[in-house]
Each structure stands twice: as structure tokens, then as C-alpha cells.
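K.L.:
Build the 3D model from these lines:
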Amino acid sequence: MKFPITREALQAFDIEKDREEVLEEAMQLQITRMVEQICKDLKQNMRSESCRYTKKFVWDKLQNIRHCSSAGYIYEIRNIDKCVSQLIEKLKEVFIGCDIITDPLKTYIIIDWS
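P.N.:
Numbering: from 1, shown residues only. You can find the predicted model right below:
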């Protein structure tokens, strides 16, 4: 529910639609947090020889995407593929020109700049 709100909108309030909107907002927030965490983890891993040598970074915390939270509630993401594809699109905006790859089980992401 977005404010300010009209009388008509209050009268037409649909709890299921509101729940979907809350879930979408929580999912977007989760994606933003994951991008920030990936950037932080990559920055720390760039100090290791193996990451600089292979020119790849593997982020193995993708299973965290299955649940997101908002306003103290935990939501299970119903469409993992949609969420992962949105995460990959955000990562492509951050890691320009890099290949962003995920495994079929959606457990890790590889950022490849070779």
C-alpha cells in the first residue's frame, strides 16, 4: 500500500495484490543487498593470487536468494528464476563487459573478466 492513498484505492484494496507488491519490494531490496555483498566479497578476494590469476570470482551464497525479509517478515521467493535473472541483470550493470554465469541449480554465480 502506497501513501498518500485515495478513498477509491482504500475501497478497492486487495490484500493479495498488496502482498505481491510487498514481496516484490522485498525481493528488489534483497537483490540490491546481494549486489552490494558481491561487490564487497569480490573486492576482498581480489587480494588473493588465485582470483587475480584466474580472472574469475565465484560467489557461492546464491542460496540466500530463496528468502527475503521486509518489515520484520520473512518471505519465500516463489519465482527463483525471475529473481536470479534480475540479479544477473543488476550485476551486468555493475560489472560492465564481464560474463555473469550461474549454475543450473542456482547455488553460485561466476563473474568472469578473462
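K.L.:
mind listing what the residue most central in space within the chain touches?
P.N.:
Residue closest to the average C-alpha location in the chain (C-alpha atoms, centre = their mean): residue 31, at 2.2 Å. By C-beta atoms under 8 Å, 6 or more residues apart in numbering, the contact list for residue 31 reads 83, 86-87, 90. To be clear about C-beta, it is placed using only N, CA and C from the backbone, and glycine gets the same treatment.
K.L.:
Give me the PyMOL select line for the residues you listed, limited to the buried ones.
P.N.:
PyMOL command restricting these to the buried ones, with burial defined by 16 or more other C-beta atoms under 10 Å:
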select buried, resi 83+86+87+90
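K.L.:
which one of the contacts of residue 31 sits closest to residue 102?
P.N.:
residue 87 (8.7 Å; C-beta to C-beta).
K.L.:
For the closest one, which three-state class applies?
P.N.:
Secondary structure for residue 87, judged by DSSP: H, G, I helix; E, B strand; the rest coil, is helix.
K.L.:
what about the strands in the protein?
P.N.:
Here the chain has its strands, by DSSP state E, at 56-59, 67-70, 73-76, 99-102, 109-112.
K.L.:
thinking again about what came up before, can I get the contacts of residue 31 in CSV including pLDDT?
P.N.:
What follows is these, written out as CSV (pLDDT from 0 to 100):
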residue, pLDDT
83, 84
86, 92
87, 94
90, 97
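K.L.:
just curious, which of the contacts of residue 31 is nearest to residue 61?
P.N.:
residue 87 (11.5 Å).
K.L.:
what comes up buried for the longest helix seen in the chain?
P.N.:
What stands out as the longest helix in the chain, according to DSSP state H, is helix 15-45. Neighbour-count burial for helix 15-45 flags 23, 26-27, 30-31, 34-35, 38, 42 (criterion: 16+ other C-beta under 10 Å).
K.L.:
Need those in a markdown table (columns: pLDDT).
P.N.:
Shown next, in a markdown table, are the buried residues of helix 15-45 (pLDDT from 0 to 100):
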| residue | pLDDT |
| --- | --- |
| 23 | 80 |
| 26 | 81 |
| 27 | 82 |
| 30 | 85 |
| 31 | 90 |
| 34 | 92 |
| 35 | 96 |
| 38 | 96 |
| 42 | 94 |
